[in-house]
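**Student:** no sequence on this one, just coordinates:
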């Protein structure tokens with residue numbers, strides 16, 4: 001494993017609450033990377049399942065961690081972003097990846113391939129790639145990222161497959177009004193400032209299924225509609241049309257999952273050709 005000396009460092013933010021098993025999976029994924037040019041920031045929302053005790057014993061594995069009540073997932077992300085900004089410039093990170101408890105990097109060479117791309121594009125504010133999703137039986141399939149130019153339609157890849165340049169986030173934080181879609185508002189705000197974006201030629205993460213946005217998709221659609229109106233200036237009719245299309249896609253996924261999978265997913269064997 002290389003130490004990443006003299007190269008860019010990536011801040012990896014992990015938010016967790018009462019999911020020690022998921023935290024261990026994320027930790028194992030990071031420890032398996034072939035480069036150590038990352039710093040781990042862990043924000044635990046006051047877990048009662050032993051996560052806080054584990055962090056107290058193994059806190060040296062993260063450059064920063066806390067275990068205290070917060071106002072939810074996105075508040076914890078904001079707290080971690082503030083902690084990154086307060087670090088010494090002698091060991092400052094240049095970019096941030098949000099990899100929540102249970103999420104993993106797509107393979108052990110993701111950071112090895114990712115960091116040179118970040119270094120080659122110092123003015124790019126947002127990088128995004130494909131994501132792997134775990135299906136029944138543990139089978140992995142690739143969920144291809146759409147172009148960021150189609151952000152009007154919603155998140156164009158999983159948030160865990162996005163890397164942000166920290167220099168562009170000094171005054172941007174997650175909007176806590178949105179309990180499910182604050183990551184969408186965050187990303188739209190970054191893009192709305194004319195920040196260059198770059199499509200990565202790799203799968204970045206393995207997305208842990210069963211998240212809150214999948215459990216309450218109707219709320220997620222409502223929040224996205226508000227974001228499109230406030231940040232993108234979309235009118236009522238266009239917003240309603242997009243809402244209906246999202247509902248149709250969800251209905252298709254629930255009633256004919258094989259057809260949705262055929263359209264949206266591809267075989268994992270194709271994901272590492274780049």
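**Tutor:** That came in fine, so what should we check first? It should be emphasised that the depicted structure is a prediction, and the values quoted were computed from it without experimental measurement.

**Student:** in stretch 240-250, what counts as buried?
**Tutor:** 242-243, 246, 249-250 (16 or more other CB atoms under 10 Å). C-beta coordinates here come from the backbone N, C-alpha and C atoms, glycine included.

**Student:** neighbouring contacts of it?
**Tutor:** 152-154, 217, 221, 224-225, 228, 234, 260 (CB atoms under 8 Å, 6 or more residues apart in numbering).

**Student:** chain center to the strand or helix carrying residue 82: distance?
**Tutor:** In this assignment (DSSP states H and E), residue 82 forms part of helix 73-85. Helix 73-85 sits 13 Å away from the centroid of its parent chain (CA atoms, centre = their mean, to the nearest Å).

**Student:** residues contacting it, please?
**Tutor:** Under CB under 8 Å, 6+ apart, the answer for helix 73-85 is 11, 13, 15, 17, 41, 43, 45, 64, 66, 70, 93, 96, 98, 100, 166, 169-170, 173-176, 178-179, 182-183, 212.

**Student:** again, only using 6 Å
**Tutor:** 11, 13, 15, 41, 43, 45, 64, 70, 173-174, 176, 182 (CB atoms under 6 Å, 6 or more residues apart in numbering).

**Student:** okay, now the unreliable bits of this protein?
**Tutor:** Within the chain, the ranges that satisfy pLDDT under 70 run 1-6, 88-91, 209-215, 252-254, 257-274.

**Student:** the helices in it, which residues?
**Tutor:** Taking DSSP state H as the test, the helices found in the chain are 20-31, 51-58, 73-85, 110-120, 182-192, 212-215, 217-232, 236-255, 257-264.

**Student:** closest to residue 199 out of these?
**Tutor:** Closest to residue 199 of those is helix 110-120 (CB to CB; 10.4 Å).

**Student:** what's next to the closest one, contact-wise?
**Tutor:** Looking at what lies outside helix 110-120 - CB under 6 Å, 6+ apart - the contacts are 8, 33-35, 37, 95, 202.

**Student:** let's go with 8 Å and repeat that
**Tutor:** For helix 110-120, using CB under 8 Å, 6+ apart, the contacting residues are 4, 7-8, 10, 33-35, 37-38, 94-95, 105, 124, 127, 163, 165, 198, 200, 202-205.

**Student:** stretch 179-192 now?
**Tutor:** By CB under 8 Å, 6+ apart, stretch 179-192 touches 72, 74, 98, 125-126, 148, 151, 154-155, 159, 162, 164, 168-169, 172-176, 178, 197, 212-213, 216, 219-220, 223-224, 227, 231-232.

**Student:** and it, what's buried?
**Tutor:** In stretch 179-192, counting by 16+ other CB under 10 Å, buried: 179-191.

**Student:** residue 86 and residue 172, how far apart?
**Tutor:** 16 Å (CB to CB, to the nearest Å).

**Student:** those two: who's more crowded?
**Tutor:** Between residue 86 and residue 172, counted using other CB atoms under 10 Å, residue 172 has the larger neighbour count: 16 against 8.

**Student:** how far does stretch 52-63 sit from its chain's centre?
**Tutor:** 22 Å.

**Student:** residues of that stretch that come out buried?
**Tutor:** 52, 54-55, 62-63.

**Student:** and the spatially most central residue of the chain, how far is that from residue 71?
**Tutor:** Of all residues in the chain, the one closest to the mean position by CA atoms, centre = their mean is residue 160, 2.2 Å from it. From residue 160 across to residue 71, the span is 21 Å (CB to CB).

**Student:** could you do residue 103 as well?
**Tutor:** In terms of CB to CB, residue 103 sits 21 Å off from residue 71.

**Student:** of these two, give the one with the bigger neighbour count.
**Tutor:** Shown here are residue 103 and residue 71; by other CB under 10 Å, residue 103 has more neighbours (25 against 12).

**Student:** show me the contacts for that one.
**Tutor:** Per CB under 8 Å, 6+ apart, neighbours of residue 103: 22, 26, 29, 160, 205-208.
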